[in-house]
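Asker: Build me a model from this:
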Amino acid sequence: MKDYYYILGIKKNATNEEIRKAYRKLSLKFHPDKNEGDKFFEERFKDINEAYETLIDNEKKNAYDYLSSQKNEKANKATKESSSSNPNTETKQKNYPEAKKHSEPNKLFDTTIGKLRVIGFGEAISWLLLLGFAMPLKYIWHEPIYVKYVGWLHGVLFLSYILFALLVMLKNKWTLLKFFTAFVYALLPFGTIFFDSRLKQEEQNTK
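Answerer: Okay, the predicted model is just below:
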């Protein structure tokens, strides 16, 4: 069952006016017409409308709250039964709180978008090395060798960025226009840094 309160970003005791205000804000932000027809935004827009239609109607809201509470009670009951059948579970969690911390992988590498962002940062750094270090050495101190190696590194990172952008397009159903936008930003010096704000927002919205 979808959490409509979470989708709209409101509390369970929100008034109708607060529900309308949250809906107007989110519907403008995630409207497909303003987001290049992106499938992700289309699905999110549907969820927002579904949540609003349910919570703004008192009868539908009461029915939803009842079903949601029943589901939570069943989940809590199942958790208690599971804990009682394995008494060592709670002890382990108390004695080793750091276990969860160390078992969590680096979240930035969990998704294809996260990997694309990391490559984007590397690509931007290679631009900095090429323009601020290798090029001055070549034209001022006549040391062209650094341009060769830094340029090679930059080329590898650029191709990797385009490859992962293509993977993100296929996985997240990007439009060709959005992929072309990422490609253009990659061509510009430090362009991947500016495009990263879009990737970060999309990654947060998919969580």
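Asker: Following element in sequence after the worst-scoring helix or strand of the chain on mean pLDDT, please.
Answerer: Within the chain, no helix or strand scores below helix 98-103, which has a mean of 42 by mean pLDDT, DSSP states H and E. Moving toward the C-terminus from helix 98-103, the next helix or strand (DSSP states H and E) is helix 112-129.
Asker: For that following helix, the averaged confidence score.
Answerer: In this model, helix 112-129 has an average pLDDT of 89.
Asker: That one: which residues count as buried?
Answerer: Burial within helix 112-129, assessed by neighbour count using 16 or more other Cβ atoms under 10 Å, is assigned to 112-120, 122-127, 129. Any C-beta I mention is one placed from the backbone N, CA and C, and that applies to glycine too.
Asker: helices or strands up against it?
Answerer: helix 145-172, helix 191-205 (3 or more Cβ pairs under 8 Å, 6 or more residues apart in numbering; DSSP states H and E).
Asker: what do you get if the cut-off is 10 Å, keeping everything else the same?
Answerer: helix 145-172, helix 176-187, helix 191-205 (3 or more Cβ pairs under 10 Å, 6 or more residues apart in numbering; DSSP states H and E).
Asker: who touches the second one?
Answerer: With contact meaning Cβ atoms under 10 Å, 6 or more residues apart in numbering, helix 176-187 is reached by 35-38, 116, 119-120, 123-124, 157-159, 161-162, 164-166, 168-170, 172, 174-175, 191-196, 198-199, 202.
Asker: All set now, cheers.
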